[in-house]
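**Student:** need the 3D shape of this:
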Amino acid sequence: MSDRTIPVGLAGFGMSGQVFHAPFISADPRFTLKKVYERTTDKAKQLDITVFLLKLIQP
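**Tutor:** Below you'll find the model as predicted:
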């Protein structure tokens, strides 16, 4: 198996992106969340995405 990861971007950071897509992408070592694109808001820029995702996946 390769040590390389698949870079992934999210188109949108609404409820689904925040509580489903981003945490699952971040939890899987085969993927790296590289970019979040938002058309009308900048919620992803306003928070430290790494800290946010770690809080979501902590038991």
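
**Student:** all strands for the chain, in order.
**Tutor:** According to DSSP state E, the chain carries its strands in the segments 6-11, 31-37.

**Student:** name the surrounding residues that touch the shortest one.
**Tutor:** Put plainly, it is strand 6-11. 17, 21, 22, 25, 30, 31, 32, 33, 34, 35, 36, 37 (Cβ atoms under 8 Å, 6 or more residues apart in numbering). Quick note: C-beta positions are derived from backbone N, CA and C, even for glycine.

**Student:** please apply the same query to the longest one.
**Tutor:** Outside strand 31-37, the residues within contact range by Cβ under 8 Å, 6+ apart are 5-13, 17, 22, 25-26, 44, 49, 53.

**Student:** can you find the helix or strand of this structure with the lowest average pLDDT?
**Tutor:** helix 49-57 (a mean of 59; mean pLDDT, DSSP states H and E).

**Student:** which residues of this protein score low on pLDDT?
**Tutor:** Filtered on pLDDT under 70, the chain yields the residue ranges 1-2, 43-59.

**Student:** try it again with 50
**Tutor:** Counting by pLDDT under 50, the chain contains no low-confidence residues.

**Student:** for residue 5, which non-adjacent residue is spatially closest?
**Tutor:** Distances taken as Cβ to Cβ, 6 or more residues apart in numbering put residue 32 closest to residue 5, at 4.5 Å, once the chain neighbours are dropped.

**Student:** so the one you found bridges to which residues?
**Tutor:** In this entry, residue 32 is beta-bridged to residue 7, by DSSP bridges.

**Student:** for the one 4 residues further on, same thing?
**Tutor:** The residues listed as beta-bridge partners of residue 36 by DSSP bridges are residue 10.
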